[in-house]
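Novice: based on what follows, work out the 3D shape:
(one chain, ligands or ions: 2)
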Amino acid sequence: MTAAPPDLPGFQGSLFGQGDEPRPGPLDGLRRTPLARGAWVDHLPGWFQGADALFGELVGRVPWRAEERRMYDDVVAVPRLLAHYREGETLPHPALAEAREVLGAHYADELAEGFATAGLCLYRDGRDSVAWHGDRTGRSSTRDTLVAILSLGDPRDLVLRPRGGGPVALRLPLGHGDLVVMGGSCQRTWDHAVPKTSRAVGPRISVQFRPRGVR
Ligand SMILES: O=C(O)CCC(=O)C(=O)O
Ligand SMILES: [Fe+2]
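Specialist: Ligands and ions are numbered 1, 2, ... in the order given. Okay, here's the model as predicted:
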């Protein structure tokens, strides 16, 4: 099912950078947090310029889908809207293709094959979320990999904990235009989630770049 461009009254945009052409900024401010079990997370706040314009264009241009999934005997709505771009498919904005290129070049030592696919999620408000999981369908179930995420719109927390349960070990507040990269064994040995929040938050878009064969 393709949803109509969602009506998203909550997004105010920032006062800075309005009207800027969307494009990725330099990566030298990236900071790495090493985690146990050979995992790590890189974070760069405010990586993207023109994030307001990019957010607006993605809301309108991307064929957002509402999905359902089976849970025991019920079919429940997945609490976020989704879109997926396979390798070779034109991304919904040229700035995302540029982002994929610069990320591939920056991480060439750790990810020789570069980033291939893009998954997009739209969290409409604080009730939308993603539960604890690792991106370990495919090659990432057995091998180290990288997943790079561009966050746009209202801030939401990305939380991490070692696979198998326990309290949150790392909480990253992801803001408008931020980059976060999960690397090493992170998808196999850690879980991540974007929890629901009762704070009054507007919409957020997450763009995830992954290598071929990783979901
Ligand atoms: O919203 C995010 O940035 C995380 C999304 C995510 O973990 C996923 O789609 O696999
Ligand atoms: Fe994920």
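
Novice: contacts for the lengthiest strand in the chain next, please.
Specialist: Longest strand of the chain, by residue count under DSSP state E: strand 74-85. Strand 74-85 is contacted by residues 3, 6, 62-70, 91-92, 117-124, 127-130, 196 when judged by Cβ atoms under 8 Å, 6 or more residues apart in numbering. Using the backbone N, CA and C atoms, a C-beta is placed for each residue, glycine as well.

Novice: if we go to 7 Å?
Specialist: Applying Cβ atoms under 7 Å, 6 or more residues apart in numbering, the set of residues contacting strand 74-85 from outside is 3, 6, 62-69, 91, 117-123, 127-130.

Novice: which of the residues in the next helix or strand after it are buried?
Specialist: Moving toward the C-terminus from strand 74-85, the next helix or strand (DSSP states H and E) is helix 94-106. Neighbour counts over helix 94-106 (16 or more other Cβ atoms under 10 Å) mark 95-96, 99-100, 103-104, 106 as buried.

Novice: ok, those residues vs Arg31, which is closest?
Specialist: His106 (13.8 Å; Cβ to Cβ).

Novice: who are the contact partners of the closest one?
Specialist: Leu27.

Novice: coming back round to it: with only the CA atoms kept, save the longest strand of the chain in PDB.
Specialist: The C-alpha trace of strand 74-85 is given here as PDB (Å, rounded to 0.1, in the frame of the first residue of the first chain):
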ATOM      1  CA  ASP A  74      -2.800 -11.000  14.900                       C
ATOM      2  CA  VAL A  75      -1.800  -8.800  12.000                       C
ATOM      3  CA  VAL A  76      -0.400  -5.500  13.400                       C
ATOM      4  CA  ALA A  77       0.600  -2.200  11.700                       C
ATOM      5  CA  VAL A  78       4.300  -1.600  11.600                       C
ATOM      6  CA  PRO A  79       4.600   1.700  13.600                       C
ATOM      7  CA  ARG A  80       6.400   3.800  10.900                       C
ATOM      8  CA  LEU A  81       6.200   4.300   7.200                       C
ATOM      9  CA  LEU A  82       8.800   2.600   5.000                       C
ATOM     10  CA  ALA A  83      10.500   2.800   1.600                       C
ATOM     11  CA  HIS A  84      13.400   0.800   0.200                       C
ATOM     12  CA  TYR A  85      15.800   1.500  -2.700                       C
END
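
Novice: now the angle from it to helix 94-106?
Specialist: 80 degrees (axes from the mean of the first three to the mean of the last three Cα atoms, to 10 degrees).

Novice: give the buried residues for strand 74-85.
Specialist: So, applying 16+ other Cβ under 10 Å, buried residues of strand 74-85: 79-83, 85.

Novice: mind putting these into TSV with distance to Leu44 and pLDDT?
Specialist: What follows is the buried residues of strand 74-85, written out as TSV (distance: Cβ to Cβ, whole Å; pLDDT from 0 to 100):
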residue	distance to Leu44	pLDDT
Pro79	27	96
Arg80	23	97
Leu81	26	98
Leu82	25	97
Ala83	24	98
Tyr85	22	98
